[in-house]
Structures are given as C-alpha cells and as structure tokens.
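S.K.: Turn this into a model:
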Amino acid sequence: MLVTLGACGSTAEAPGSTPPTITAPSTTTTPTTASTPSTPSTTPAVPAAELDLGEFTPTASKVPAVVADEEAGEVAEGYRLAEYVVDPYDFDGTLTKPGQPSTVVANGAALSNMYYFTAPLKQWVTGFGATRRTETPAEEVSSSVLLFRSPAEAAKAARGLHTKYLESTNENDQHDRKIVLRAHPRALVTAQTNYGDRDVTAVEASGRGLLIIYATSKTKSFATLQTVVASVLVRQRQLFGQFKGTATVAALPVDPRGLLGKTLAGDAKGSLAPTAFSGGPLTATHFVTEPQGVIGIFRAAGVDAIAANRAAVLRAGSHVQAQRLHTGLAAATEFAYAVAAPPKGLGQAACFSLKRGQPGLRPAFSCQVAVDRYVAQASGKSLLEAQQLISAQYLVLTGS
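M.R.: The predicted structure follows:
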C-alpha cells in the first residue's frame, strides 16, 4: 500500500497508510526536484478492451495552470512547505506508527488536538505537521511549521502560544514549567506532566515561520525529551531556512512537478477531487503511515514526486527503479495484507486484502501497478473496485 488520501487543507483525515517491512531507518535528505533519466519500458500496453473498468472512465486529470483562488493557494503552499518539515522517524527509528496525521493545515484550521492552543491564532497563511509515535503509545514526537505573513506575526504567535502553555493546568497536570534549552536561546520551551506523560514543547519564531516541536513519553525523563526536542529543532530550523515562501499564493501552479496530470481524474470530465495534491520526495514519505522499510524503499527508488487524485502515482528515478519500488512495496504489505487476485487482464498488477484484526485506518482493499517510471496505487471498498480503479489508472499512464 502506498498512500491513501485524506482531507486536503484540514486535519480531519489521515492522508497516508503504508504497511512496513523491518529495515534500518534512512537519514533525512535535502529536498530536491532533480530526476534521474528514465529508461522506458518495452512491455506492450494492455488494450483497454482486455480490462474490466466497471463504471470508471480512464480519464486523466485536467490540471489548470494556477490555483483557483487564495484559499486553494494556501493549501498548495502547504504542500510546498511539507518538503521542509522534518519527519521525526529520521531521528528515532522506533517511531514507526502515525500519531496525528501528517497534513496541511491551511485556512486557519487548528493544527491538531495536540496544539489545541493554536485555535485562536488564525493569522497564519498555511502550515504542515508531521507526527510519529512508537508501537505502543509510550512516546510521540512531532515537528510542525506554521507560516505567517510577516516575521513580526510569527514572533507574536510564538510568545502567545508559549504563554498559553504556561497558563494551562488541570487537576491531572503539573503546572507547566518554563525551561531553557542550552544553545537554543530563541526557543520558548515548556515541560508538563499530563496524565502520567511527560511532555516537552518548544516554539520558535524563524522568519515568517513558527516552528513547533513536541515530544511526549511515559518512560523517558524530561532531560531526555529535551535532548530529543533540541535535535529535531536544529534540523527543522535548517530545513525551514531553505524554504522560500510565495508572495502571492493565489498565483501558485497547481502541478509544479507535472505529475498530477497523470493521475486518474475524479470524474469522467477530468475534474480534480477536493483531496487532490502533488508534492516532492519528502512529502511522499510524510504520507507513509508506517515508515519502517518503506521510506528506505522510496529513497532507494529515487522517488522525486507524488500526486494523488482518484488514484495515487509515485514517480521513481527510472523504469528499473519503478519496478523495484513496485516489488518492494508489494513485499512490504505482507504483515497486514493478504495477496489477492490481480485485475482481469492486468496480471502485472498486485492486489491485496486487509487481514483480520488489522487497524481500520488502512483501506480494506488495494492494488498497485508499475508503468515505466511510475508506480500507481488505488484502494477501494471492495476488491473489484480497487481492481477496476487501478486498471483505469493504468490506462491513463499508458495513454491507451
């Protein structure tokens, strides 16, 4: 399973779900849009007449040049920002499960339940948050960035958010304590005991950005959590320092990587679904729910872009790398999924059904297929629906 799609521009749903294999974690890479030249496949395309499409029409997404309005531009800017937000898994390979869904937080949406104090702070343009936790909910680490219209607004928000943390308490909490991270004088940091958990939160204004780093654990000391927060903060500061915000988000291109136009459209007219998005290599890994092994597979395959509409498409570095990506991801489903029958006429595709007892956030049925340097994935409420969707996406990619 590659990805599943959630709500774009809100925190309502999780846009990611990927069964893992166990390998050593990879290191964080610098965002890039560079691509390795691809060697096209010589395998003849399967004719549409041989496939079962059901009611689905193999129509490619019709992508406008720029976003429709400022609200859509804020969401697009959020996906640009995602390339510069740290994945906590890169700092701790035991953080293999999703916490709050990694997602764009645009249009004044509250960042997540974890940051409920941000609800009154609705001046930001957009944001992105990434969270990972351990197998049991004993530890969770998150890194988030909110983008404001000016450095002054970001600095004011940092002070306001820090103050709200210090003022918060209830009968189950130890009152928040202001602490200092050595070598990080600009970071405003609080420590709290909350229902038996130890929490450390750092907020720091960095240009137009508000960096929010959070770590919680039932077993680790405050000193250890401070070290975790400081490490993530250093990398987040470095990454965000490379981000160049857009002056007029209403003029942002919808598909800067040219991949969204290769996805299956939301309807027969070629429309983009409200959840449609595109992003770069780090964005792709953010939407891997369980990163063990799978992120390594992504990076080894040279994945440089992801796009999703009715189905999702990953772009690998070459045809050979796409085949390896397809094989690796198929193998990575084994712990949670049983192999299911491939679509009619499309034996090179792989389909899966969720095993009994697995968490419900994974789709019940999914299929994937490799075409040239692309790997596409589709999920459905039934195996037949997933098979038909991936068949239609296959035709979009082959131009049949």
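S.K.: which stretches of the stretch 151-300 of the chain form strands?
M.R.: With strands called from DSSP state E, counting those that start in this stretch, the stretch 151-300 of the chain shows them at 173-179, 188-194, 197-206, 209-217, 277-279.
S.K.: is it possible to export those strands to JSON lines including distance to residue 327, mean neighbour count and mean pLDDT?
M.R.: All C-beta atoms are positioned from the backbone trio N, CA, C, and that covers glycine. Converted to JSON lines, the strands of the stretch 151-300 of the chain look like this (distance: least, Cβ to Cβ, whole Å; neighbours: other Cβ atoms under 10 Å; pLDDT from 0 to 100):
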{"stretch": "strand 173-179", "distance to residue 327": "48", "mean neighbour count": "14", "mean pLDDT": "62"}
{"stretch": "strand 188-194", "distance to residue 327": "44", "mean neighbour count": "19", "mean pLDDT": "87"}
{"stretch": "strand 197-206", "distance to residue 327": "40", "mean neighbour count": "23", "mean pLDDT": "93"}
{"stretch": "strand 209-217", "distance to residue 327": "36", "mean neighbour count": "26", "mean pLDDT": "94"}
{"stretch": "strand 277-279", "distance to residue 327": "24", "mean neighbour count": "27", "mean pLDDT": "91"}
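S.K.: Nearest to residue 224, out of those?
M.R.: Residue 224 lies closest to strand 209-217 among the strands of the stretch 151-300 of the chain, at 7.7 Å (Cβ to Cβ).
S.K.: Tabulate the strands of the stretch 151-300 of the chain (a markdown table), appending distance to residue 383.
M.R.: As requested, those are exported to a markdown table (distance: least, Cβ to Cβ, whole Å):
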| stretch | distance to residue 383 |
| --- | --- |
| strand 173-179 | 48 |
| strand 188-194 | 43 |
| strand 197-206 | 41 |
| strand 209-217 | 39 |
| strand 277-279 | 26 |
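S.K.: what about those, which gets the closest to residue 46?
M.R.: Of all those, strand 277-279 comes closest under Cβ to Cβ, at 26.3 Å.
S.K.: Mind giving me the packing neighbours of that closest one?
M.R.: On a contact count with 3 or more Cβ pairs under 8 Å, 6 or more residues apart in numbering; DSSP states H and E, strand 277-279 meets helix 70-82, strand 305-308.
S.K.: What strands flank the last one, and is each parallel or antiparallel?
M.R.: By that I understand strand 305-308. strand 277-279 (antiparallel), strand 312-315 (antiparallel) (DSSP bridges).
S.K.: buried set for the following helix or strand past the longest one?
M.R.: It stands for strand 312-315. Downstream of strand 312-315, the next assigned helix or strand under DSSP states H and E is helix 319-331. Buried residues in helix 319-331, defined by neighbour count with 16 or more other Cβ atoms under 10 Å: 319, 320, 321, 322, 323, 324, 325, 326, 328, 329, 330.
S.K.: okay, now the domains of this structure?
M.R.: Split into domains by automatic domain parsing, the chain comes to 48-65+255-398, 71-240.
S.K.: First residue to last residue on the shortest one, what's the distance there?
M.R.: One end of domain 48-65+255-398 to the other measures 10 Å (Cα to Cα, to the nearest Å).
S.K.: can you tell me how far residue 96 sits from residue 222?
M.R.: According to Cβ to Cβ, to the nearest Å, residue 96 and residue 222 sit 24 Å apart.
S.K.: likewise residue 77?
M.R.: Taking Cβ to Cβ, one finds residue 77 at 35 Å from residue 222.
S.K.: Looking at the two, which is more packed in?
M.R.: residue 77 (23 against 17; other Cβ atoms under 10 Å).
S.K.: buried sites along the longest helix along the chain?
M.R.: Criterion DSSP state H: the longest helix present in the chain is helix 222-240. Buried residues in helix 222-240, counted by 16+ other Cβ under 10 Å: 222, 225-233, 235-237, 239-240.
S.K.: Which one of the domains of the chain lies nearest to residue 249?
M.R.: Per Cβ to Cβ, nearest to residue 249 of the domains of the chain: domain 71-240, 3.2 Å.
S.K.: Including mean pLDDT and distance to residue 163, could the helices and strands packed on strand 277-279 go into JSON lines?
M.R.: Shown next, in JSON lines, are the helices and strands packed on strand 277-279 (pLDDT from 0 to 100; distance: least, Cβ to Cβ, whole Å):
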{"stretch": "helix 70-82", "mean pLDDT": "92", "distance to residue 163": "25"}
{"stretch": "strand 305-308", "mean pLDDT": "94", "distance to residue 163": "38"}
